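**Q** What would the 3D arrangement of this be:
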Amino acid sequence: MNKLLVLIVLGLILSLLSGPSLVNAEIKLIPPKRWQPDADNNQDIKWWYQNSTKSSFGINKAPANGSFPLSLPLALIGPSMAQGLADRGILESTDQITFGHSNYGYRYFLNISDPSKQVNTSDFAQPGSVVDLIRKGYDVPFRGMLILSQKQGDLYAVVLLSPKENFDSVMKEIQPTIDSMELSNSTAN
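**A** Next up is the predicted model:
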């Protein structure tokens, strides 16, 4: 049962990071300064790149029409995700975090020491993903941060990927963006 739950949660995260959403959520934030926005940004998916540091930052809302049950509470998904990341050998640490405008979630710090060996070509290749960065020639050891948050029944993933030597400074640079995040469902307004 635990293995099935871990597979469902890992599939959910891949779904979060790979596909566009068709629901009316709103992600409001102050964009990171001196970062290039992705051309496909919309109200549910926002990605930015910083070419000078080979870093990627984004937030995605889980698609409502995905094949994974989004009704699972974050309290169940959070610890299961930690176990799944640990099983893959990339979990550095985890904690719980309050951020932005009354957002709460589980935060995972990841150590991706050999990206091309950690992923394969069948994995998601959405802009900002490890696969996308490898394809751009950035096959270097990465450190990452993943925050899973649930607001008004919607699940969100906040992701930062940066080469290890730049991670701390990049994290400080995007902190105002994280602090400004407001997650809401526009149909609830």
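
**Q** can you give me the strands for the chain?
**A** Counting by DSSP state E, the chain has strands at residues 25-28, 36-37, 45-50, 55-61, 91-99, 103-112, 142-151, 154-163, 182-185.

**Q** The third one pairs with which strands?
**A** Which is strand 45-50. Here strand 45-50 has these sheet partners by DSSP bridges: strand 36-37 (antiparallel), strand 55-61 (antiparallel).

**Q** rewinding a little: put together TSV for the strands of the chain, with mean pLDDT, distance to S169 and mean neighbour count on each row.
**A** C-beta: built from backbone N, CA, C; applies to glycine. Listed next are the strands of the chain as TSV, based on pLDDT from 0 to 100; distance: least, Cβ to Cβ, whole Å; neighbours: other Cβ atoms under 10 Å:
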stretch	mean pLDDT	distance to S169	mean neighbour count
strand 25-28	75	25	18
strand 36-37	92	18	12
strand 45-50	89	11	22
strand 55-61	88	10	25
strand 91-99	94	17	14
strand 103-112	91	15	20
strand 142-151	90	12	22
strand 154-163	89	9	23
strand 182-185	79	26	17
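
**Q** Can you lay out these as CSV showing distance to G78?
**A** Output for the strands of the chain, formatted as CSV (distance: least, Cβ to Cβ, whole Å):
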stretch, distance to G78
strand 25-28, 20
strand 36-37, 29
strand 45-50, 22
strand 55-61, 17
strand 91-99, 8
strand 103-112, 4
strand 142-151, 6
strand 154-163, 11
strand 182-185, 16
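
**Q** Could you point out which of the strands paired with strand 45-50 sits nearest I97?
**A** strand 55-61 (13.9 Å; Cβ to Cβ).

**Q** so the closest one versus strand 154-163, what angle?
**A** Computed by axes from the mean of the first three to the mean of the last three Cα atoms, to 10 degrees, the angle separating strand 55-61 from strand 154-163 equals 170 degrees.

**Q** Just the angle for strand 55-61 relative to strand 142-151, thanks.
**A** Angle between the axes of strand 55-61 and strand 142-151 is 20 degrees (criterion: the same axes, to 10 degrees).

**Q** give the contact list for the residue nearest to P37 when sequence neighbours are not counted.
**A** Nearest non-adjacent residue to P37, counting by Cβ to Cβ, 6 or more residues apart in numbering: W48, 5.4 Å away. By Cβ atoms under 8 Å, 6 or more residues apart in numbering, the residues touching W48 are 31-32, 35-38, 56-58.

**Q** Can you name the two of those that sit furthest apart?
**A** P31 and S56 (13.8 Å).

**Q** which residues touch the closest residue to Q150 other than its chain neighbours?
**A** Residue nearest to Q150 in three dimensions, not counting chain neighbours: L74, with 4.0 Å by Cβ to Cβ, 6+ apart. Going by Cβ under 8 Å, 6+ apart, L74 touches 104-106, 148-150, 155.
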